[in-house]
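**Q** Using only what follows, build the 3D model:
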Amino acid sequence: MKIFIFDDECVYIGSANITSAAIGKRSSGNRNHEAGMLVWGESMIQAPLRHFEKAWDNIDIFKHTWKRFAKMAKELEKVIIERYGK
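**A** Residues are numbered from 1 along each chain as shown. Just a heads-up that it's a prediction; the model follows:
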């Protein structure tokens, strides 16, 4: 899930990354199929803002992400060594 907050006035909530494939700029065979909502207005954006702030303040989320990234980096390093040596 992605949350993009624009000037505390507008919020996009969805699955799209900001890439040309995700926003439909590539040919039809190379596009991702994404879903999302754009909301604005003070009453509509309060819940997504609270969700973002809760996630931002939760160090465990960042620890989990870092551990996952480190594991992926080690796996990639093994593949590179297998293919190209040290």
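
**Q** drop to CA atoms for contacts and neighbour counts, all remaining ones
**A** Noted.

**Q** So, low pLDDT: which residues of this protein?
**A** Applying pLDDT under 70 to the chain picks out residues 1, 21-32, 62, 86.

**Q** can you tell me which helix in it is longest?
**A** Longest helix in the chain, counting residues (DSSP state H): helix 59-84.

**Q** what comes up buried for that one?
**A** By neighbour count on 16 or more other C-alpha atoms under 10 Å, the buried set for helix 59-84 is empty.

**Q** Number the residues from 17 up from this point.
**A** Sure, I'll start counting at 17 from here, so that last one is helix 75-100.

**Q** How many neighbouring residues does I61 have?
**A** 18 (other C-alpha atoms under 10 Å).

**Q** That one against C26, yeah?
**A** Yes. Counting by C-alpha atoms under 8 Å, I61 does reach C26; the two are 6.9 Å apart.

**Q** which residues are common contacts for those two?
**A** V55 (C-alpha atoms under 8 Å, 6 or more residues apart in numbering).

**Q** could you say what helices and strands the longest helix of the chain packs with?
**A** Of the remaining helices and strands, none touches helix 75-100 by 3 or more C-alpha pairs under 8 Å, 6 or more residues apart in numbering; DSSP states H and E.

**Q** How far does that helix sit from its chain's centre?
**A** Its chain's C-alpha centre and that of helix 75-100 lie 17 Å apart, by C-alpha atoms, centre = their mean, to the nearest Å.

**Q** Also stretch 67-75?
**A** Centre-to-centre, stretch 67-75 and its host chain are 14 Å apart (C-alpha atoms, centre = their mean).

**Q** So which bits of it are buried?
**A** In terms of neighbour count (16+ other C-alpha under 10 Å), stretch 67-75 has its buried residues at F68.

**Q** Also stretch 20-34?
**A** By neighbour count on 16+ other C-alpha under 10 Å, the buried set for stretch 20-34 is I21, V27, Y28, I29, A32.

**Q** Show me which of the residues you listed is closest to K90.
**A** Comparing the buried residues of stretch 20-34 against K90 with C-alpha to C-alpha places A32 closest, at 27.1 Å.
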